[in-house]
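[1] A structural model of the following input is requested.
(one chain, ligands or ions: 2)
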Amino acid sequence: ILPLALLLIVFTTKTYLDQNVSPQKIGFRSRTHQQEEYVDRNGIKVVVGHYIGPSVKKLPNASRDMINANDFAPVRGAGKDGRPVVIQPKDLLKMQQLFQINRFNLLASDRIPLNRSLPDVRRKKCRYLYEDYDTYPSSSVIIVFHNEAWSTLFRTVWSVINRSPRELLKEIILVDDASEREFLKTPLDEYVKSLPVTTKVIRNSKRVGLVKARLQGAARSFGEVLVFLDAHCECTRGWLESLLARIKQDRKTVVCPVIDIINDDSFAYVKSFELHWGALNWNLQFRWYTLGGRELKKRKMDTTEPFFTPTMAGGLFAVDREYFQEIGSYDEEMRIWGGENLELSFRIWQCGGKIEIVPCSHVGHLFRKSSPYTFPGGITKTLYSNLARVALVWMDEWAEFYFKFNENARNVRADQNVSSRLELRKRLKCKNFEWYLDNVWTQHFFPKKDRFFGRIKNLEEDLCLIKPLGKLNSNQPTGIAKLNECLKHDMIIEMFVMTKEGFVVTDDSICLDAPEKETDGVKTVRIMACNWANRQKWKYNEKTKEFIHVSNNLCLDVAPSKKYEDGLVITKCMNTDTQKWILEAVPWT
Ligand code: UD2
Ligand code: MN
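    Ligands and ions are numbered 1, 2, ... in the order given. Coordinates of the predicted model:
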C-alpha cells in the first residue's frame, strides 16, 4: 500500500508542479438531465443547477461516463500568456455540457492554472509612470460572487495577489451572495487561510444581490481605497498602481481600468479598444461607443493620461472609501443585478465628481452572452425596477422618455419609493440631467429641445426610415438605410434625432451615413456607428423638403430600382417626390 500511496502523491503533485498554487480539483461524477453532480477535492458531493444543454438522453451512452475527475486538473502551460485553450475534438461534447453551468467554457477554465501568466498590454510609457507607488493610498479589493466557478474566482484572487504591490493591498474581501455550491462553503474558508494576503469572507444565507453584497464588503474594509472586481477577472501588471495614483491626485475621481476581454469560449486574453468610452442607449443599457471630434483628439495627445467617461460598466472600479460614502454609496433598494452602474455614474457626475478610465490599468473580464443565475422575483421586479429608479432619481424629463418606450419599466414605476434618494440629490446639490447631457456626454443622442425627434417619412410612398435590425448580439446594428410602412404606435425602430450639427442619429449611437468621396455608380446610404465626421452630416430644407448630404450636396432618395430591399441612396437633387421628406415630430415628455 505504501508504494502505491507514494506513487499517488508523486502523480498528483506532478500535475501541479509549475503552479505553486494548489488548485481546487472539482471532479465530475455523474449527471442527470436535471442537474450536474460533482465531487470536490474533499470528496463532498455537489449538485449544481439545472442542465440546459442538449437533452442528455440524446447523447451517446459512452459520453455520459467519459468525464472523470482528471478532466478538471489544470494542464501545464494551458492558457499561458493569455493564449486560448484548445479543446480536443474528443472533449467537445463534454465541453458543451459544462458550458451551461456558468455560461462559459468551464472545461477550458479549469485547465488553466490559477496563476497563469498574462501579456503586459500597456503602452511602454506606463511602465515608468508609477515608480513612487509607495506613496499611494492603500486598498481593499472587494469581490462579490454568486455560484461562481472555483477556477475563475480564484484566478481573479491570484491575479490580484500576484500583480499588486503588497504595500498597496491591505486585504481582499470575498462576499458570498448565498451561493449554493458546496465547494464555495467550507472548502473555500479553508483555502483562503492559505493565501498570502489577508482575505476576509463574508457570507449571506439569503440572496441579497450585488449592490448589498458590495456594501457589506465596503462596510468591513480598512483600505483607503475600495477596489471592486467581478468574480471572473484577471488583473495585469500595473493595474492597481495606476488606479491609485489617480485617486491620490484627486479623491473625487472614480477610476476604472480598461476592461479587456477574457473570451468565454477559449479563455484567451484579448486587449480591447482604448478609444471607447462608456455611455448608454435609450433602454438604459450600458454601451461602449467610439469617440469622435474633440474628445478623440484630446485622448490621442497623451495615450497614457486618464480620460473621462460618461458612464462606467459597473463591475471594475476604484473609489476613495470615504468619498464613496459621501456621495451616497449605492441605492440599497436596487435588487440582484443591473442599473446600479448607471445610477452611480449619473450621481458621480451630477454631484460634482468625475469618472475616468485609466489607460495604464488593464483588467480582463469574462464577458458572457447570457446570465447563468436566477433573478429571484423575476426580471421586472429586479432589473426593470432598478432602471426605473435610475430614471426617476436622476433623469428628470428624460425619465418620461424612457418610460414611454419601455413598457417593463413603466409597469413598475408606481412601486418605486425613491424619496430618500431624491433627498440625497438635494442634499448634495446635484446638477440636473440636462447639464449631464450638455457637458459630460457631449455626443449623446437623446431627444432635447434643441433638436428634432420623431419619424422621417418619405412623401411619395408614405414610408418611414427605420433602424436596421442588424446582426444578432451586435450592440450597434448597422446596415443599408431602408424604409418601411410607418407604424401606428410610437416605436424606437422608427425614431430618429436630428442634431443642430446635422447628425441623423438613432438609438445605440448609429447615424445616417453616406460616402464622402466621389464613387462610381450609386451612393448607398447606410446606418452605421456614429463617427461624428462630415460624411454623417445632413441638412433638411423645410421649403423644398429635401434632405441633403452636406459634403456631397446630394439629395436623399429611394434607390433607382425603387425596390424596397435596395434601400436609400444620395443622388442629384431634382425635387422629385421620392426626394421629399417629412420630419414628423413625436412628443417624448
Ligand atoms: C456588468 C458588470 C457588473 C454589474 C452589472 C450590472 C462589468 C464587467 N460587469 O455585468 O459588475 O455592474 O453589469 O449590475 O462591468 N452577483 C452577486 N449576486 C447576484 C448577482 C451577481 O453577487 O445576485 C455577482 C456576480 O457573481 C459577479 C458580479 O456580481 O461577480 C457581477 O455580476 P455579472 O458578472 O453577472 O455581471 P456582468 O459582468 O454581466
Ligand atoms: Mn461579470
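[2] Next, the buried residues of the helix or strand in which residue 347 is found.
    Per DSSP states H and E: residue 347 is located in helix 340-350. Under the neighbour-count criterion of 16 or more other CB atoms under 10 Å, helix 340-350 has 340-350 buried. Placement of C-beta: from N, CA and C, glycine included.
[3] so what's the residue in the stretch 351-500 of the chain that ligand 1 sits nearest to bridging to?
    Taking CB to the nearest ligand atom as the measure, the point where the stretch 351-500 of the chain comes nearest ligand 1 is residue 365, at 4.2 Å. For residue 365, the residues forming beta bridges with it (DSSP bridges) are residue 233, residue 261.
[4] Tally up the residues packed near it, please.
    Neighbour count of residue 365, defined by other CB atoms under 10 Å: 20.
[5] That one contacts residue 317, correct?
    No. Here residue 365 lies out of contact with residue 317, judged by CB atoms under 8 Å, at a distance of 11.9 Å.
[6] Let me know the pLDDT of the nearest residue to residue 98 once chain neighbours are set aside.
    For residue 98, the nearest residue in space outside its immediate sequence neighbours is residue 106; the separation is 4.3 Å by CB to CB, 6 or more residues apart in numbering. On the pLDDT scale, residue 106 is placed at 93.
[7] wait, residue 106 sits on residue 96?
    No. Here residue 106 lies out of contact with residue 96, judged by CB under 8 Å, at a distance of 10.6 Å.
[8] In terms of neighbours, single out the busier of the two.
    Taking other CB under 10 Å, residue 106 and residue 96 do not tie; residue 106 has more neighbours (24 against 15).
[9] got a list of what the more buried one touches?
    98-99, 149, 151 (CB atoms under 8 Å, 6 or more residues apart in numbering).
[10] What of residue 458?
    Taking CB under 8 Å, 6+ apart as the criterion, residue 458 is in contact with 464-465, 483, 558, 578, 580-582.
[11] Which positions in the stretch 301-450 of the chain make contact with ligand 1?
    For the stretch 301-450 of the chain, the residues in contact with ligand 1 under the definition CB under 6 Å from any ligand atom are 313-316, 336-338, 340-341, 365, 371.
[12] one more time with 5 Å
    313-315, 336-338, 341, 365 (CB under 5 Å from any ligand atom).
[13] Least confident secondary structure element in this protein?
    Ranking every helix and strand in the chain by mean pLDDT, DSSP states H and E puts helix 61-65 at the bottom, with a mean of 33.
[14] what's the average pLDDT for stretch 135-144?
    For stretch 135-144, the per-residue pLDDT averages 98.
[15] Contact partners for the spatially most central residue of the chain?
    The residue lying closest to the centre of the chain (CA atoms, centre = their mean) is residue 313, at 4.9 Å. Going by CB under 8 Å, 6+ apart, residue 313 touches 256, 259, 278, 286, 341.
[16] Export the helix or strand where the third one lies to PDB, keeping only CA atoms.
    By that I understand residue 278. Secondary structure assigned from DSSP H and E places residue 278 in strand 276-280. As requested, the backbone C-alpha atoms of strand 276-280 are provided in PDB (Å, rounded to 0.1, in the frame of the first residue of the first chain):
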ATOM      1  CA  HIS A 276     -14.000  54.000 -26.500                       C
ATOM      2  CA  TRP A 277     -16.000  55.500 -23.700                       C
ATOM      3  CA  GLY A 278     -19.000  54.200 -21.800                       C
ATOM      4  CA  ALA A 279     -22.500  55.600 -22.200                       C
ATOM      5  CA  LEU A 280     -26.000  54.100 -22.500                       C
END
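[17] next one: the helix or strand that comes right after it to chain centre, how far?
    Once the chain leaves strand 276-280, the next helix or strand it forms, by DSSP H and E, is strand 286-290. The gap between the average C-alpha position of strand 286-290 and the chain average comes to 9 Å, counting by CA atoms, centre = their mean, to the nearest Å.
[18] List the buried residues for whatever helix or strand comes next after strand 286-290?
    Once strand 286-290 ends, the next helix or strand along the chain (criterion: DSSP H and E) is helix 293-301. Residues of helix 293-301 classed as buried: 295, 299 (neighbour count, 16+ other CB under 10 Å).
[19] got a list of what residue 428 touches?
    Contact partners of residue 428, counting by CB under 8 Å, 6+ apart, are 327-328, 351-352.
[20] try 6 Å
    Under the criterion of CB atoms under 6 Å, 6 or more residues apart in numbering, the contact partners of residue 428 comprise residue 351.
[21] Torsion angles phi and psi at it?
    With angles defined as degrees, to the nearest 10, residue 428 shows backbone torsions of phi -80, psi 0.
[22] Could you look up the SS state of the nearest residue to residue 546 once chain neighbours are set aside?
    What sits nearest to residue 546 in space, not counting adjacent residues and going by CB to CB, 6+ apart, is residue 555, at 5.1 Å. When the structure is reduced to helix, strand and coil (DSSP: H, G, I helix; E, B strand; the rest coil), residue 555 reads as strand.
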